[in-house]
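S.K.: Need coordinates for the below:
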Amino acid sequence: MIERAKTGILILLVALSLVQTYFLAYRMPWLGTTTRSDQDYVNTELLGQGSNVEQVVFPEELILHLGSDEHAMIYPNTQFYELIVRQRLASREFKGFQVLVNPGLNWEEIRREHKGIELSFTKGISFELLKKLMKLDTEGGVQDSVMLSGVLIFAQEESEEVLAYFFDQNGSTVYQALHVDLTVKDIGDYIGFGQYLPRFTYMHGQLYVANEPIQATEYLYSYEVFTPEQMQRSLFFDSSTTRAIVNRSGSQIYTDGKRGLKVEQNGLWISYTNSVASQSSSAAFNENVYLAVDFVNQHGGWDTTYQLVNIPTVEERYVRFRKYIDQYPVIDISPFHYGYVHLGVQQGVVVEYERSLIKLPQQEERKEIRWLYGGNLLQNQLETYGRTDEIVTIYPALKVVPQQEQRIEFLPVWAVLLEDGSEEVLMDAMPAGYEPKHTVTTEMKKETEDQEQQEKQEQEQQQ
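M.R.: Residues are numbered from 1 along each chain as shown. Have a look, this model is predicted:
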């Protein structure tokens, strides 16, 4: 009898042990509360796509210097751009970095006369983040936190040498990679992709202006909208303590006393703030970029390609990502906010978050060819522009025109980036349906010349 009792007790203890192990493994709530920091957030369903730092780091322009003062431009998300930047150049190594002291080099002359390529980061990129795009060995040469505005790689045909220079963002320092895993033939192959591309004139020591009209694209999308409730659930981990307020302007505000979520623009734009002070130490500038990407992944995601265009510094704590549709960046023009994701980071915590709630589908409803002006008309517009001396770069972009019934239109324009970081429309595209009659692309010119040469040879053979 006693033995049976012992056996029963033993079985019961084993069973209780298994049950307890199961509860611990699956964190059953009645076994105790789990400590949770005020900095934790809910991981809700992914409203958009996920991304990573490698995908948001890329130059906004790839400039091909063809020699004899001829230049061509290749923009992101195009076949030649991906082939040169993401595949070929990304696999080559750059080593032995040093500061170029008293270089005595005429950069304007080099760009005009030498064959080469140039990567443009007009709003800056650090050495550390550039390593996400290129194989750079900077050990012992430069600090990875140094901010750069561009990379110039050109062929010195006399010595059969390829030289690579990295320009400090403030323009005061130039870094040279002494060991470049490229040959003169490689450079020739790269610029060969520009053989049939439109030509650009190099002006004012930094601007590239199209010599002829450029073909662009107009888009129309029917879009979905992230609801304020979805974002509220994503950004506030305890919805039971959250209350909603409607202010005089009609904007909705959700708050739990520490965090605030303002919904504006008829439910299409949010501004999130977090007043909770962080106890962690200050994070490195580049670490804040990783933090920002992860935060967006968890709280809304990405609906298309975005480019990192602002990195936190000692003076500035903001991280900013610019939206791309195909090869064109979207510019933000007041009063309709759109085209960027903006985050404020403080001591390793996201304290500000602004973004659109519009989610574009993968397929546009309609797209149409439009032409951007070039040549004398574009140059005249540039010369008469009131802030010409402040222009950093000129580029094809898309301006946003909201439509009814959850539709949004993107119209191609020539845009300018100014020294203060703002963007403006320099020149709208030609009217819809209009095609230049007296201008043909470089590729068409080449095809015409080849056809004429072939006809001439055939006529000579017949004679």
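S.K.: Please write out the alpha-carbon positions of the helix or strand Asn297 falls within in PDB.
M.R.: Here Asn297, judged by DSSP states H and E, is contained in helix 285-298. Only the C-alpha atoms of helix 285-298 are listed here, as PDB (Å, rounded to 0.1, in the frame of the first residue of the first chain):
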ATOM      1  CA  PHE A 285      25.800  58.400 -35.700                       C
ATOM      2  CA  ASN A 286      25.800  55.400 -38.000                       C
ATOM      3  CA  GLU A 287      24.200  53.200 -35.400                       C
ATOM      4  CA  ASN A 288      21.200  55.600 -35.400                       C
ATOM      5  CA  VAL A 289      20.700  54.800 -39.100                       C
ATOM      6  CA  TYR A 290      20.400  51.100 -38.400                       C
ATOM      7  CA  LEU A 291      18.000  52.000 -35.500                       C
ATOM      8  CA  ALA A 292      15.900  54.200 -37.900                       C
ATOM      9  CA  VAL A 293      15.700  51.500 -40.600                       C
ATOM     10  CA  ASP A 294      14.600  48.900 -38.000                       C
ATOM     11  CA  PHE A 295      12.000  51.300 -36.500                       C
ATOM     12  CA  VAL A 296      10.400  51.800 -39.900                       C
ATOM     13  CA  ASN A 297      10.400  48.100 -40.600                       C
ATOM     14  CA  GLN A 298       8.400  47.600 -37.400                       C
END
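S.K.: Any regions of the stretch 51-200 of the chain where pLDDT drops low?
M.R.: Residue ranges of the stretch 51-200 of the chain with pLDDT under 70: 102-103.
S.K.: so who does Lys95 touch?
M.R.: Leu136, Asp137, Ala177, Leu178, His179 (Cβ atoms under 8 Å, 6 or more residues apart in numbering). For glycine as for every other residue, the C-beta is placed from the backbone atoms N, C-alpha and C.
S.K.: correct me, but the first one touches Phe127?
M.R.: Right, the one you point to is Leu136. Yes - taking contacts as Cβ atoms under 8 Å, Leu136 lies within contact range of Phe127: 6.6 Å.
S.K.: Please list the outside residues in contact with the helix holding Asn297.
M.R.: By Cβ under 8 Å, 6+ apart, helix 285-298 touches 41, 43, 46, 50-53, 56, 126, 128-129, 144-145, 234, 283, 302, 308, 311-313, 317, 319, 321, 341, 343, 345, 348, 350, 353, 355.
S.K.: Name the residues of it that are buried.
M.R.: Phe285, Asn286, Asn288, Val289, Leu291, Ala292, Val293, Phe295, Val296, Asn297, Gln298 (16 or more other Cβ atoms under 10 Å).
S.K.: got the residues you listed as TSV, with pLDDT columns?
M.R.: Shown next, in TSV, are the buried residues of helix 285-298 (pLDDT from 0 to 100):
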residue	pLDDT
Phe285	72
Asn286	81
Asn288	90
Val289	93
Leu291	93
Ala292	94
Val293	95
Phe295	94
Val296	94
Asn297	93
Gln298	90
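S.K.: Just the closest of the residues you listed to His71, please.
M.R.: Using Cβ to Cβ, the shortest approach to His71 within the buried residues of helix 285-298 belongs to Val289, at 31.0 Å.
S.K.: partners of the most centrally placed residue in the chain in the sheet?
M.R.: For the chain, Gln307 is the residue whose C-alpha lies nearest the centre (Cα atoms, centre = their mean; 0.8 Å). Following DSSP bridges, Gln307 is listed with bridge partners Arg322.
S.K.: mind listing what Arg92 touches?
M.R.: By Cβ under 8 Å, 6+ apart, the residues touching Arg92 are Met134, Lys135, Val180, Asp181, Leu182, Asp186.
S.K.: residue contacts, the first one?
M.R.: Same thing as Met134. Counted by Cβ under 8 Å, 6+ apart, Met134 has contacts Leu89, Ala90, Arg92, Phe94, Val151.
S.K.: Low-confidence ranges, the stretch 251-400 of the chain, go.
M.R.: Using pLDDT under 70, the stretch 251-400 of the chain drops low at 276-283, 314-316.
S.K.: could you pull out the strands for it?
M.R.: Ranges of strands within the stretch 251-400 of the chain are 252-255, 259-264, 269-274, 305-310, 318-325, 328-331, 340-346, 349-356, 358-359, 366-372, 391-403, based on DSSP state E, counting those that start in this stretch.
S.K.: residue boundaries of the helices in the chain?
M.R.: Applying DSSP state H to the chain gives helices spanning 2-26, 53-56, 79-81, 107-113, 127-130, 184-192, 228-235, 285-298, 375-384, 442-462.
S.K.: mind listing what's buried in the second one?
M.R.: It stands for helix 53-56. Buried residues in helix 53-56, counted by 16+ other Cβ under 10 Å: Gln55, Val56.
S.K.: re the thing from before, for ChimeraX, what selects the buried ones among the contacts of helix 285-298?
M.R.: Remark: buried members of the contacts of helix 285-298, expressed as a ChimeraX selection using 16+ other Cβ under 10 Å:
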select :51,56,126,128,129,234,283,302,308,311,312,317,319,321,341,343,345,348,350,353,355
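S.K.: Glu113 against Leu66, yeah?
M.R.: No - the criterion here is Cβ under 8 Å, and Glu113 misses it with Leu66 at 10.4 Å.
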